[in-house]
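Participant: My questions concern the predicted model and sequence given below.
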Number of protein chains: 4
Amino acid sequence: MSKPKKVVLAYSGGLDTSIILKWLQTEYGCEVVTFTADLGQGEELEPARAKAVTLGIAPENIHIVDVREEFVRDFVFPMFRANALYEGLYLLGTSIARPLISKHLVRIAEETGADAVAHGATGKGNDQVRFELSAYALNPAIKVIAPWREWDLTSRTKLIEFAEANQIPISKDKRGEAPFSVDANLLHTSSEGKALENPGDEAPDYVYQRTVAPEDAPDTAEMLEITFEAGDAVAINGEAMSPATILTRLNEIGGRHGVGRLDLVENRFVGMKSRGIYETPGGTILLEAHRGIEQITLDAGAGHLKDSIMPRYAELIYNGFWYSPEREMLQALIDKSQEHVSGTVRVKLYKGSVRTVARWSDHSLYSEKHVTFEEDAGAYDQKDAAGFIRLNALRLKLIATRNARVAKKG
Amino acid sequence: MSKPKKVVLAYSGGLDTSIILKWLQTEYGCEVVTFTADLGQGEELEPARAKAVTLGIAPENIHIVDVREEFVRDFVFPMFRANALYEGLYLLGTSIARPLISKHLVRIAEETGADAVAHGATGKGNDQVRFELSAYALNPAIKVIAPWREWDLTSRTKLIEFAEANQIPISKDKRGEAPFSVDANLLHTSSEGKALENPGDEAPDYVYQRTVAPEDAPDTAEMLEITFEAGDAVAINGEAMSPATILTRLNEIGGRHGVGRLDLVENRFVGMKSRGIYETPGGTILLEAHRGIEQITLDAGAGHLKDSIMPRYAELIYNGFWYSPEREMLQALIDKSQEHVSGTVRVKLYKGSVRTVARWSDHSLYSEKHVTFEEDAGAYDQKDAAGFIRLNALRLKLIATRNARVAKKG
Amino acid sequence: MSKPKKVVLAYSGGLDTSIILKWLQTEYGCEVVTFTADLGQGEELEPARAKAVTLGIAPENIHIVDVREEFVRDFVFPMFRANALYEGLYLLGTSIARPLISKHLVRIAEETGADAVAHGATGKGNDQVRFELSAYALNPAIKVIAPWREWDLTSRTKLIEFAEANQIPISKDKRGEAPFSVDANLLHTSSEGKALENPGDEAPDYVYQRTVAPEDAPDTAEMLEITFEAGDAVAINGEAMSPATILTRLNEIGGRHGVGRLDLVENRFVGMKSRGIYETPGGTILLEAHRGIEQITLDAGAGHLKDSIMPRYAELIYNGFWYSPEREMLQALIDKSQEHVSGTVRVKLYKGSVRTVARWSDHSLYSEKHVTFEEDAGAYDQKDAAGFIRLNALRLKLIATRNARVAKKG
Amino acid sequence: MSKPKKVVLAYSGGLDTSIILKWLQTEYGCEVVTFTADLGQGEELEPARAKAVTLGIAPENIHIVDVREEFVRDFVFPMFRANALYEGLYLLGTSIARPLISKHLVRIAEETGADAVAHGATGKGNDQVRFELSAYALNPAIKVIAPWREWDLTSRTKLIEFAEANQIPISKDKRGEAPFSVDANLLHTSSEGKALENPGDEAPDYVYQRTVAPEDAPDTAEMLEITFEAGDAVAINGEAMSPATILTRLNEIGGRHGVGRLDLVENRFVGMKSRGIYETPGGTILLEAHRGIEQITLDAGAGHLKDSIMPRYAELIYNGFWYSPEREMLQALIDKSQEHVSGTVRVKLYKGSVRTVARWSDHSLYSEKHVTFEEDAGAYDQKDAAGFIRLNALRLKLIATRNARVAKKG
């Protein structure tokens, strides 16, 4: 790979990406463009601008973008149509944000004539894969720089020394090591590493940042009604809202009730297991409610097909293949199923849990007329079941007959 | 189908199966053999014997069997190795008991020279399918009688009249209609029908029989350590127990904490949607803990394969195909994966929820040496990730290049 | 089911459906509307009109429609995008025609105010299922009459007697039993039953109607170039043609070379195995060529996903679920993959076989620059493979290490 | 990776692996052990011994092993139980041999105290992945040396120079470049690269080494009866033979009839497409015959499950994951299905094609009694089909009713 001339850096304004910024300037002597996204991580972004200026970035090279609506509308909601869970439990909060960031990095690179993008993910994790596969899929000629895989700043001490040597301001609390590593966006907060590395040790309470402990949640349950149209949430308690507003609101409510905590050991794409603590309050409510509305509006054949491809869909997102033809093919399948997934679900939040308790819809496939224990006025002829069962049994009877015949002979 | 001469009836001792018993005698003039199983449903079985005698069954034709250990060991545990959930949520508590009952009905038929078996499931539900597919698979020559699909006792009034006309004792509380229908065994209690038929109405509190409301659960969380060997639970808090004892104990503890309630609209095999209220306290704990131990002992490739076939496995059990070659093939696959699923999981029970908080195992695949944020002494070379990503990206780059080329031409 | 008043019958003009026509008139006393489709079965349709008139059908109640283009464009081609093979070998020639026929039966019923449709399929086969599922899916209120399941004309003698008693003309060759049963359309000819019922006996030569024996095919191979656009064949040897014309032409060429014969024992949806002799000359060429063009234009991820869902897609069509949400979802997935499946394939036909020998496309993903054994000018860095392999191996090494550790302890 | 001290090399005796042998000695100064396997590639192995001696290998370090029976019994036959085809067409002839070679490399390394293994696969292909994943899975501590990824002998000229400089004898025909690269074993011969690199050019006739052109095959068809027991071929024309003998015999017969040629563009695991010419005469017959016997002995549910996982199984083998838990899990599933796959198939070989024409078995599930068009004496009640269809249709009717209701409202 030839040396990059101009690099778009995914820049948070924090110490690590500031070091990367400086390192790119000194190592490659290249112009740096910064991209800072408001993904709903709950941090002020303007300090990132000031800091970038301090580090010598030209004002026109500083890009700060509020992508919250895009994030929820084009990434989170499509994924939730699939009820996606990685390894049965993980709501993919970090995974789903990476392709969005790469999309903007590549866009800005093309707009500013940059030939490379850079990110602050390490060489052990999944994020490097997600950033880079996305970038390459969107622009096969782009260069990607992953300083953590290249440089020799392999210890905290060396990083601090580099920062000091390069006049990068270090806030006091950043001098020591953080007890664990955090990623946050509108969908979730994840914490991993260091203090959390032994999966046999319970995670300490101070890890949780976005949800109260269930023990500290209100003693009274809260009911919530979520309305869906074609698979996407569109209103809470009857009030229509934009995608990002809905997720923000659900986060507040869920967080208050201690909903959405997960302590997980998962399998990284790069071949190792890692332990993460995830908080996904709004997403956890959304998944429960989406399942609730699908229960009455989605046909069995459609639902079972969706269930059967879901693990593969989730794995693709986890592994960084958002911009792959197979993810897009699965999305087409999923989206096709959601046309009638419209209606309202009532969920109950209480002390860390969320449960569907009622659902109704103009698009319902539930037929009380058919299912009733009462007289059904001919809606369903129970005698049909006899033929249904006998034909379903036929092959099983043929097997049993064959097996007995063979056993007798043998 | 020619007339049966001797029928083995799945007999609970309740009003409905007593009516069936009498109806078989009068309708077919055939000898009736009763089979009453202790599946952990929490009812005395001796009254069933007395009642059968009253209804004219010869003592040697009354079979009462405690099948609890067999149920958990040979049916529940194999199913839990798969983390089976029907439609994402249902733990299959009723489904998994039916093949066991049919197995004994067929066994007793063969031992007593009966040519038929009979059950009390209606023509609208899944249980008729499960009973009958199992029976036919085990004995292709057996006749199956499903009185609810045959007789004209189509209203409560007619049933009561038949009972009175045939000296079947009716306890007072059975004169009126039950507000809903219940099935129970060691794995769960399900309630459905009548008062629960509108999925837009919340289920009333009195439906729940086995779990306290989360609001009424203790204010203090309880920790539980569950030990697994080769995929099956073998001890609680270090105390080794038999399969049925473990499930019984987990039911008590889970029920006390309000764990395992589910309000679900599901798709029946016979083509309609139905709403059920399920209580599976012990099973819910078991699923969570089994996933917890798999997290550190099961390889990613093995786990993802299991996840991908799970929906099909669950559907087979739900639909009554326990004794099918495809269920047995999937079981072989699942069992093969469980050899090293051994170790201990700590779960926390609190106000309706159960969560894994720690897990450890001699069989662990978790490698702190590899995953650590600290210096890893060469366990993992971060530069490997560059090649890994570039080769994974290659096809995506070729696609992007092709698409751009075609777009330019077009 | 209440008595039908007006019935649309799938009418071939042959003896069997003429008997059905008469039987509907006499049994139900209802008005009969006939629908005769030109599906490319290679028979004149006007005689069917004359015969219907003879049997008392009003001219305005006789519907004869050429559906060949619709058949290939809307049914055959979408299916071939999936490379669909039932049980690894069967090209679904009969299965794919049934939903089209039901679509027209239901359409005509709605246009003529008929309340029922009728077909001539027996109660043992798949076609009854396909006709009826399609009809119910398109019009849930329609009645379906399947005379073979209802009447008592259970032997050839009784049928002939009924025909004679009702002045239905019987051609001489129909007095005796046909040696096997035939279905034909533009995609294939199938033969089954009677003389073919023992799968241990070779099918006699006279069964084959559409293909010469490979031994009788020309001694010289023929090359054919088939051009695809977005997954569908659009030209042969550079000559653009309509869908039905392409399939007709491929049938002629393939038939002449003895291509597309299949002797199969398959599993019917109703639970039994049956043996069929299929001739699908054009379809066999089309499948081979479609695979050939996908080889260079379809990405690995897309192709492997398609392959993995194909058996389910084929099973749905075989079982009659063309008009199901899950078939439509899978179609959305498949169609999404075909956008760039454009280009030309050269196949070689010789003595019963067809093989791809060359393929080229403006949409090709094949990169000689990458794959070459020659110097590749940096297109691909072989050292990347080392990292790729090491990370793919990591979990396997962790497993081996764990297993060795456990074995030593045990 | 520290320097290896003793290396086991997969040594063919050819020029390339002789150069590797010498390069290992000079580059690493390490002791070299050679492993030469008789996989049925059709070459004398003793010359490899002589050449190794010439190159300074101690006699006790030269390992020549006939692994043909092991290859067919433990690798080829298990794979054929699955009817495995990669990307719909490829019989995996090269893929399945690699794990066997790695198994012996690792075994010999452990027996001789070697700390490394080496192979002659390039950095662009799949074989490097297969060799190395297998080696690491069997011995996580082993070092793997892949000279083609390391050295600077990047042109034919440099290789020849190195050979000359190191007294490696060069046969005349090896001085120039081979027109393509060949791999052969008992299952197949593959040819790729160079002259074959343009998939739009037909492969020249001289590429084919193991099969005659169909045009040159006998003008008379040959019938062959292959007997299976539990999924594996055990006899040809009634003569029992060992696994390797069966495959050898089928290769002779198939090759003579021009059976098993394939011109394929496939997707390599490393991300690029490549074109290969494969000849698999015996394997092609075996696949056809195995499918033929499964048609009558394997249940629909079992067969459809096998079909649905086959693409994944084939992909695992292609990608080098033979020794992975997921391949072993799938093998357990497949093997479970084969218990009754016993019986005899007659296939017809003619001018490049092989087709099943008859099959019979004591384990047959085919029931003429059920399928017959004749009077079936009550084996099957056609009226059962009505109920079967109505219940299968129920959900489709509910969908149609819902859709109409919504459309009217909208």
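Facilitator: Looks like it arrived, so ask away.
Participant: Please parse chain A into its domains.
Facilitator: A:6-67+A:96-178, A:182-298+A:340-360, A:381-410 (automatic domain parsing).
Participant: Of these, give the one that comes closest to residue D:180.
Facilitator: When these are compared by C-beta to C-beta, domain A:6-67+A:96-178 sits nearest residue D:180, at 29.2 Å. (C-beta placed from N, C-alpha, C; glycine too.)
Participant: List the buried residues for stretch A:62-70?
Facilitator: A:62, A:63, A:64, A:67, A:68, A:70 (16 or more other C-beta atoms under 10 Å in any protein chain shown).
Participant: The helix or strand encompassing residue A:17 and chain B in contact?
Facilitator: Taking DSSP states H and E as the criterion, the element that holds residue A:17 is helix A:15-28. No: figure legend: helix A:15-28 not in contact with chain B (C-beta under 8 Å from any C-beta of the partner chain); closest approach 12.2 Å.
Participant: After that helix, heading C-terminal, what element do we hit next?
Facilitator: strand A:31-38.
Participant: ok so, going back, and the buried residues of stretch A:62-70 near chain D, which?
Facilitator: Here nothing survives when the buried residues of stretch A:62-70 are matched to chain D using C-beta under 8 Å from any C-beta.
Participant: Just those: which are in helices?
Facilitator: Among the buried residues of stretch A:62-70, the ones falling in helices (DSSP state H) are A:68, A:70.
Participant: Of the buried residues of stretch A:62-70, which is the nearest to chain C?
Facilitator: Using C-beta to the nearest C-beta, residue A:70 comes nearest to chain C of these, at 22.3 Å.
Participant: Go ahead and confirm the closest one touches residue A:99.
Facilitator: No: here residue A:70 lies out of contact with residue A:99, judged by C-beta atoms under 8 Å, at a distance of 11.4 Å.
Participant: Please state the mean pLDDT value computed over stretch A:378-391.
Facilitator: In this model, stretch A:378-391 has a mean pLDDT of 94.
Participant: What is the burial count for residue A:127?
Facilitator: 21 (other C-beta atoms under 10 Å in any protein chain shown).
Participant: Quick check: closest non-adjacent residue to it.
Facilitator: Sequence neighbours aside, residue A:121 is the residue nearest to residue A:127 in space, at 3.7 Å (criterion: C-beta to C-beta, 6 or more residues apart in numbering or on different chains).
Participant: What's the separation between residue A:32 and chain B?
Facilitator: 21 Å (C-beta to the nearest C-beta, to the nearest Å).
Participant: so that residue bridges to which residues?
Facilitator: residue A:7 (DSSP bridges).
Participant: contacting residues for it?
Facilitator: A:6, A:7, A:8, A:9, A:21, A:24, A:25, A:57, A:61 (C-beta atoms under 8 Å, 6 or more residues apart in numbering or on different chains).
Participant: coming back round to it: and for the helix holding residue A:17, what are the contacting residues?
Facilitator: Residues contacting helix A:15-28 (C-beta under 8 Å, 6+ apart): A:3-4, A:7, A:9-11, A:30, A:32, A:34, A:51-52, A:55-57, A:118, A:120, A:145, A:147, A:150-151, A:153, A:159, A:162-163, A:166, A:168, A:170-171, A:174.
Participant: The one residue in the stretch 151-300 of chain A that gets nearest to chain C - nearest residue in space that isn't next to it in sequence?
Facilitator: Closest residue of the stretch 151-300 of chain A to chain C, C-beta to the nearest C-beta: residue A:271 (2.9 Å). Nearest non-adjacent residue to residue A:271, counting by C-beta to C-beta, 6+ apart: residue C:394, 2.9 Å away.
Participant: Let's see stretch A:156-175 as CSV, backbone CA atoms only.
Facilitator: The C-alpha trace of stretch A:156-175 is given here as CSV (Å, rounded to 0.1, in the frame of the first residue of the first chain):
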residue,chain,number,x,y,z
ARG,A,156,-0.5,3.1,28.2
THR,A,157,2.8,4.6,29.2
LYS,A,158,3.9,5.0,25.6
LEU,A,159,0.6,6.5,24.5
ILE,A,160,0.8,9.1,27.3
GLU,A,161,4.4,9.9,26.4
PHE,A,162,3.4,10.3,22.7
ALA,A,163,0.6,12.6,23.8
GLU,A,164,2.8,14.7,26.0
ALA,A,165,5.5,14.9,23.3
ASN,A,166,2.9,16.1,20.8
GLN,A,167,1.1,18.6,23.0
ILE,A,168,-2.1,16.6,23.1
PRO,A,169,-4.0,17.7,26.2
ILE,A,170,-4.7,14.9,28.6
SER,A,171,-7.5,15.2,31.1
LYS,A,172,-6.6,14.0,34.5
ASP,A,173,-8.9,11.0,34.5
LYS,A,174,-7.3,9.8,31.3
ARG,A,175,-3.8,9.5,32.8
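Participant: Please name the residues that touch the residue in chain A that chain D sits nearest to.
Facilitator: Closest approach of chain A to chain D (C-beta to the nearest C-beta) occurs at residue A:387, with a separation of 2.7 Å. Contact analysis of residue A:387 by C-beta under 8 Å, 6+ apart lists D:381, D:383, D:384, D:385, D:386, D:387, D:388.
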